[in-house]
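>>> Dropping the sequence and predicted coords here.
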Amino acid sequence: GEHLQAVDMFRKSLDTLTELGARQDVALGLAEMGRSIFVLGDDTQAGRLWRESLRIATETRGTHVALEALVGLANLQAKRGERGYALELLLIVLDHPASIQDTRNRAGQLKRELEAQLTSQQVEAAQARAGAKSLETIVDEILKQAELN
C-alpha cells in the first residue's frame, strides 16, 4: 500500500540490478514498479514500464516476467475501456504454462471483473482471439505498436 515508497525503492533497486547486468531481474522490477505507478495514477508511465519489461523479458526468455507485464497492460487496457482486448491478454496469461500463481491470481481476478462487464458474445470473441494467438504473437503486436507511438 506504500506505493510512493515502493517506487523509490524500485528505482534504487533497478539502478543496482542494471549495474550488475541482471536483465531478467530488471524486467521483473519494471513490471512490479509499473503496478505501483499505475495505482498512483500515472497510466502513461505504467504502460511504458510494462512494455519495457515485456521487451527485456522477451529478450532474456523470461516468460513468467512477460506474463506479469501482460497482466499490467491488461489492467491499463481495461481502464481505457478496451475490456475485450484486456480479457484477451488475460486469457493468454492464464492459459500459459509458465504463468506463476501470483500472476494467475491477479489475472484471474481482473478476468472475473471484466467478464461481469462484457456480454457473452464479447467474452466469446476475446476467447477466440486469444486462442488464435501465441504469447510470442501478442508480444510482437504490443511491441510493434509501442514503436509506432
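In hand now; what should we look at?
>>> in the host helix or strand of residue 28, what counts as buried?
When elements are defined using DSSP states H and E, residue 28 is found to belong to helix 23-39. Across helix 23-39, burial judged by 16 or more other C-beta atoms under 10 Å covers 23-38. In this view, the C-beta of every residue, glycine as well, is placed from N, C-alpha and C.
>>> Next, the angle from the strand or helix carrying residue 73 to helix 23-39.
Residue 73 belongs to helix 63-79 when elements are defined using DSSP H and E. For helix 63-79 and helix 23-39, the angle between their directions (axes from the mean of the first three to the mean of the last three C-alpha atoms, to 10 degrees) works out to 20 degrees.
>>> and the angle for the helix or strand just after helix 63-79 with helix 63-79?
Moving toward the C-terminus from helix 63-79, the first helix or strand encountered (DSSP H and E) is helix 83-95. With the same axes, to 10 degrees as the criterion, the two stretches helix 83-95 and helix 63-79 enclose an angle of 160 degrees.
>>> For helix 83-95, give me every contacting residue.
Residues from elsewhere that reach helix 83-95, judged by C-beta atoms under 8 Å, 6 or more residues apart in numbering: 67, 70-71, 73-75, 77-78, 99, 103-104, 107-108, 110-111, 114-115, 117-118, 122-123, 125-127, 129-131, 133, 135, 138.
>>> ok, back up a step: just checking, next helix/strand downstream of the helix holding residue 28?
Reading on from helix 23-39 to the C-terminus, the next helix or strand found by DSSP H and E is helix 43-59.
>>> buried ones in that next one?
Within helix 43-59, the residues that qualify as buried by neighbour count (16+ other C-beta under 10 Å) are 46-47, 49-58.
>>> Kindly report the same for stretch 89-98.
89-94, 96.
>>> want to throw these into CSV with pLDDT and distance to residue 14?
Shown next, in CSV, are these (pLDDT from 0 to 100; distance: C-beta to C-beta, whole Å):
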residue, pLDDT, distance to residue 14
89, 97, 24
90, 98, 26
91, 98, 30
92, 97, 26
93, 97, 23
94, 97, 28
96, 96, 25
